[in-house]
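In: prediction below, plus the sequence it came from.
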Amino acid sequence: MNSRFIAILAVVVLLAGFVLSGCAAPAPGPTAQPAAPTQAPAAAPTKAPEPTKAPAPTQAPAVATKAPEPAKSPEPTKAAAAAPTTAPTPVPTLPPVVPGKNELVYGLTLVVSGIDPHIHSSSELGIPLNSVYDTLVYQGPDYKFVPGLAESWLISDDAKSYTFKLRKDVKFHDGVPFNAQAVKENFDRIMEPAVKSQKAIGLMGTYKNTEIVDEYTVKVNFEKPNVSFLDSAAQVYLGMASPAAFKKWGPADYQSHQVGTGPFMFSEKDYVPRQQIVLTKNPDYKWGPSLYKHTGPAYLDKITFRFYPDAATRAAALESGGVDVIGELPPVDAERLKKDAKYQVVLARTDGLPLVVFMNSKHAPLDDLKVRQALLYASDRKAIVKTIFRDLSPVAYGPWAGLWFSKDLEALYPYDLKKAQQLLDEAGWKAGPDGIRVKDGKKLTLETYLQTWGFLSEVGQMLQAQLKMAGVDLKTQTVAFPAAMQAAADGKHHLAPMSLSATDPSFLGAVLGSKGNYNWAKIGDPEIDRMLDQAAQITDEAKRADLYKKIQRAAMDQALVIPVREYWNNNGATAKVKDLVFDVHGWWPYLYDVKVER
């Protein structure tokens, strides 16, 4: 047997041990933030670096229109906090849920720190709240937009103004009519400094103001072209909340008293922060989008959400009857449950930045293009996806997965150990007596910061073994999300893994733009910046698509990331759950159409 086979076999055995002992890394728990991404990330996307109001993505680069979030984005935090000096007060455990005939129990994976969609950035919060709030428009699986609370819309030629004609038959759960004034107050609330929006503010781009044309017509204006605002307006973070409610409770307390227009209502009396969220049917609902399969009120009377941040407990919760649906099943459990007729596994693709490993182009020796290219050739991504993710998600080939993916990238950087060794030789790195390469008396040693979500520890172990075969010594360190974010922002890393969810490729500005918040490759390429800026302002879809494909190719020509796998969420459910479908974003289910046959 050759050395490569032996090394891979050893890693497979090691990983099997992790699975059998229940040590698999949990998904980003409130994260992501991803989270994120699923959530996020847990708290995932919980959360993320402090957002900026720049014309762009949430927390983001001026070149992007909205901030991406870790796929299952890790929950944003303000900063890495010091360890507490006293033990936290134990949180009482809630009794098991005994659902009635038309009731559903849903397992969340991220213990989010906050659930106000205008303020917080977790992908996880959208799972329940996508049913509490309606949006002006909805985005279908074909990426086309359909009417929501807005019956129609008109975009100005320069994409600086969007005029929405609103439905006239909608009421918030508190009985307040939905109208143009409500839209204005929602958008203005998001922009208020006191609200401290983490994600929604980025989705607003270079928001200028909202004009009330008449009672049911609004004109939303921007300082600069915002060609992807419909994408933003279709996300739960810009869901329409009752102005009466958020004014009454204020930014700190509204999350416990949420009021939307959606098919389900937030139950204040049943809400237990970080433990339970309960929704009840809105009996007056009759204004759902065409994406829904029926009209009138939802089929379910009640939905109870509980949290399962430990990935090892999720399949057990489903099989024991503790939940009817649960997200982010570990691949080994998803593979097993697919073969059992009592269960179903619903795979939901999450567009955006696939799981990639950023290479810091400013940190020697990765400032040498040949070294970065060598790492790509030395990485057997297909083996990683097969071993860890059980081929439940496809191999990634670049910095983007989704609409306008550049398929020509699939031919780049196939696994080729000899090619990797040749490039390192050309870069002056010669094999040392222990197999690790040396140049000018220094070993080829790289450092990476791993996190506990998304099986990053397992990915890091396999990558470590693969790179060692090329003569690269990869040192790994597992840290909390805030610490990883800070290390990457400071450029202390050589390699840094991340996955971010988004549906519009304008988000590439956040990862490839010189001012991007997630520019962990530390690239500052004037040509990429120029293309990003141009693509974010033109309305011609064919030209935008061409530019984003060129941007993806430029990133791979410069070997800025090691793509690993596209992010797919493994959702488990009992066979009694019918019509469980997820929206185009991959995290958020349409629970309005769901039925349970008990």
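Out: Done, it's in. Numbers count the residues shown, from 1 in each chain.
In: if I look at the closest residue to A559 other than its chain neighbours, how far off is D546?
Out: Ranked by CB to CB, 6 or more residues apart in numbering and with sequence neighbours excluded, the top spatial neighbour of A559 is R372, at 3.7 Å. The C-beta positions use only the backbone N, C-alpha and C, and glycine is treated the same way. From R372 across to D546, the span is 26 Å (CB to CB, to the nearest Å).
In: ok, H585 next?
Out: Remark: distance between H585 and D546 (CB to CB) = 25 Å.
In: looking at these two, which has the bigger crowd around it?
Out: Between H585 and D546, counting by other CB atoms under 10 Å, H585 is the more crowded of the two (24 against 15).
In: helix or strand: which one has the closest residue to that one other than its chain neighbours?
Out: The shortest distance from H585 to any residue other than its chain neighbours is 6.0 Å, reached at T503 (CB to CB, 6+ apart). Assessed by DSSP states H and E, T503 sits outside every helix and strand.
In: burial of T503, as a residue count?
Out: 24.
In: do D434 as well
Out: 10.
In: the residue nearest to A559 is in what secondary structure piece?
Out: helix 369-378.
In: buried residues, whatever helix or strand comes next after that helix. List them.
Out: Per DSSP H and E, helix 369-378 leads on to helix 381-388 as the next helix or strand towards the C-terminus. Neighbour-count burial for helix 381-388, counted by 16 or more other CB atoms under 10 Å, picks out R381, A383, I384, V385, T387, I388.
In: now those residues as TSV including pLDDT?
Out: Output for the buried residues of helix 381-388, formatted as TSV (pLDDT from 0 to 100):
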residue	pLDDT
R381	98
A383	98
I384	98
V385	98
T387	97
I388	96
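In: remind me which residues of the stretch 1-150 of the chain are low pLDDT?
Out: Counting by pLDDT under 70, the stretch 1-150 of the chain contains low-confidence ranges at 1-92.
In: was I right to think N519 contacts G509?
Out: No. Applying CB atoms under 8 Å, one finds N519 not in contact with G509, separated by 9.2 Å.
In: who has more neighbours, these two?
Out: G509 (33 against 22).
In: just checking, D391 touches V385?
Out: Yes. D391 is in contact with V385 according to CB under 8 Å; the separation is 6.2 Å.
In: once you drop chain neighbours, what's closest to T574?
Out: D324 (5.5 Å).
In: quick one: I127 is in a helix?
Out: Yes. Counting by DSSP: H, G, I helix; E, B strand; the rest coil, I127 is found in a helix.
In: ok, it - how many residues close by?
Out: Using other CB under 10 Å, I127 is surrounded by 28 other residues.
In: contact partners for it?
Out: Applying CB atoms under 8 Å, 6 or more residues apart in numbering to I127 gives the contacts Q39, Y106, L108, F305, G327, W587, W588, P589.
In: quick check: the residue nearest to A559 vs Y271, distance?
Out: 48 Å.
In: also V594?
Out: From V594 to Y271 the distance is 21 Å (CB to CB).
In: neighbour count: these two, which is higher?
Out: Each of V594 and Y271 has its neighbours counted (other CB under 10 Å); V594 has more, 22 against 18.
In: could you say what helices and strands the helix or strand hosting A315 packs with?
Out: Using DSSP H and E, the element containing A315 is helix 314-319. With contacts taken as 3 or more CB pairs under 8 Å, 6 or more residues apart in numbering; DSSP states H and E, helix 314-319 sits against strand 103-108, strand 325-326, helix 331-337, strand 561-574.
In: phi first, then psi, for L532.
Out: Main-chain dihedrals, L532, degrees, to the nearest 10: phi -60, psi -40.
In: would you check that it makes contact with I551?
Out: Yes. Counting by CB under 8 Å, I551 is a contact partner of L532 at 6.4 Å.
In: now for these two: what residues contact both?
Out: Counting by CB under 8 Å, 6+ apart, the residues touching both L532 and I551 are L508, L512.
In: doesn't Y415 make contact with K382?
Out: Yes. If you go by CB under 8 Å, K382 and Y415 touch, sitting 6.8 Å apart.
In: dihedrals phi and psi, the residue nearest to T574?
Out: Dihedral angles (degrees, to the nearest 10) for D324: phi -100, psi -30.
In: pretty sure it sits against L300.
Out: No. Using CB under 8 Å, D324 makes no contact with L300, being 10.2 Å away.
In: now the common contact residues for the two.
Out: Shared contacts of D324 and L300, defined by CB under 8 Å, 6+ apart, comprise L104, V596.
In: quick one: residues contacting the residue nearest to T574.
Out: D324 makes contact with P99, L104, V105, Y106, L318, A573, T574, K576, V577, V596, according to CB under 8 Å, 6+ apart.
In: okay, the last one: pLDDT?
Out: On pLDDT, V596 comes in at 97.
In: that one - how many residues pack around it?
Out: By other CB under 10 Å, 22 other residues sit near V596.
In: show me what contacts it?
Out: So V596 contacts P99, K101, N102, E103, L104, L300, D324, K576, V577, K578 (CB under 8 Å, 6+ apart).
In: any weak-confidence spans in the chain?
Out: Checking the chain against pLDDT under 70 turns up 1-92.
In: residue at max distance from the center of it?
Out: Distance from the centre of the chain peaks at P433, with 43.5 Å (CA atoms, centre = their mean).
In: first-to-last residue distance for stretch 415-435?
Out: By CA to CA, to the nearest Å, the extent of stretch 415-435 from end to end equals 20 Å.
In: report the distance from that stretch to the chain centre.
Out: Distance of stretch 415-435 from its chain centroid, counting by CA atoms, centre = their mean, to the nearest Å, is 36 Å.
In: next, the buried residues of it.
Out: Y415, L417, K419, A420, Q421, L423, L424, A427, W429.
In: now intersect those with the helices, please.
Out: Among these, DSSP state H puts L417, K419, A420, Q421, L423, L424 in helices.
In: nearest residue to the second one in space, please, no chain neighbours.
Out: When you say that, I think you mean K419. The shortest distance from K419 to any non-neighbouring residue, by CB to CB, 6+ apart, is to Y377 (4.5 Å).
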